[in-house]
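> just coords:
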């Protein structure tokens, strides 16, 4: 059963297709605190759903309406992510309050809810993303402890299982030139809102860390290495 706690914080999608699913963590002490915050008109934030740590699901905004969860964000050439996405907030203390793993019962509810949403909307696997993917300069959620491979195995999103390293790919902050342009182009082609300036500066490094959070969570060093290159190549080969 899905509970209902209507939030006043929504507006119309204005004809945009629903083709994205964005997963967040609440970064608050309890699910109830997050729900209460998103139900206050003055907060000007909301999500379609909140999944509590005990697996309880609460709907705040109807899927046909535009919830206010992504903020300034970009994915695959689109900037108004709120207008084309369904947003799920997953209760977790977040990096601010003592980030921890997501409980099993919560993950089960997330998977069930995602399946229901995907059954209702034509959302391609590569458009199932984290907040950190669409807003890598600002956000870290749902973070490196979120089990993206498990979702992919459940036919939610995509993950490059069995990817092989691509030798000679290492780049890091301070590099520049055509090799950086090729990396920026590959990341942009996957979906990230990264400008192609040929400079491996703070923005490119932040984008690489966002990629690592999603696909190589064991090492968030911001260095583009052979493993990362193999993972991205494998992703491009899956779609």
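Sure, I can see it. Just so it is clear, the model here is predicted, and its values are computed rather than measured.
> Could you spell out which stretches of this structure belong to which domain?
For the chain, automatic domain parsing gives the domain ranges 2-153, 178-238.
> now these as JSON lines including mean neighbour count and mean pLDDT?
Every C-beta, even on glycine, is put in place using the N, C-alpha and C of the backbone. Listed next are those as JSON lines, based on neighbours: other C-beta atoms under 10 Å; pLDDT from 0 to 100:
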{"stretch": "domain 2-153", "mean neighbour count": "19", "mean pLDDT": "98"}
{"stretch": "domain 178-238", "mean neighbour count": "18", "mean pLDDT": "97"}
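> mind putting those in TSV, distance to residue 168 included?
Formatted as TSV, those follow (distance: least, C-beta to C-beta, whole Å):
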stretch	distance to residue 168
domain 2-153	25
domain 178-238	7
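> Out of these, which is closest to residue 165?
When the domains of the chain are compared by C-beta to C-beta, domain 178-238 sits nearest residue 165, at 3.8 Å.
> any chance you could map the strands in this structure?
2-4, 10-12, 20-25, 49-51, 57-59, 65-67, 85-90, 128-130 (DSSP state E).
> Which among the domains of the chain is found nearest to residue 162?
domain 178-238 (7.3 Å).
> contacts for the lengthiest helix in the chain?
For the chain, the longest helix by residue count, based on DSSP state H, is helix 104-120. By C-beta atoms under 8 Å, 6 or more residues apart in numbering, the surrounding residues in contact with helix 104-120 are 21, 23, 49, 51-57, 63, 86, 88, 90-91, 102, 123, 128, 147, 150-151, 154-156.
> 10 Å instead?
Here helix 104-120 makes contact (C-beta atoms under 10 Å, 6 or more residues apart in numbering) with 2, 18, 21, 23, 31, 48-49, 51-57, 59, 63-64, 86, 88, 90-92, 101-103, 123-125, 128, 142, 146-147, 150-151, 153-157.
> which residues touch residue 217?
Going by C-beta under 10 Å, 6+ apart, the list of residues near residue 217 reads 143-149.
> From the centroid of this protein, which residue is nearest?
residue 130 (0.7 Å; C-alpha atoms, centre = their mean).
> rewinding a little: for the strands of the chain, please prepare JSON lines with the additional fields distance to residue 237.
Putting these into JSON lines (distance: least, C-beta to C-beta, whole Å) gives the following:
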{"stretch": "strand 2-4", "distance to residue 237": "37"}
{"stretch": "strand 10-12", "distance to residue 237": "38"}
{"stretch": "strand 20-25", "distance to residue 237": "22"}
{"stretch": "strand 49-51", "distance to residue 237": "32"}
{"stretch": "strand 57-59", "distance to residue 237": "34"}
{"stretch": "strand 65-67", "distance to residue 237": "33"}
{"stretch": "strand 85-90", "distance to residue 237": "25"}
{"stretch": "strand 128-130", "distance to residue 237": "18"}
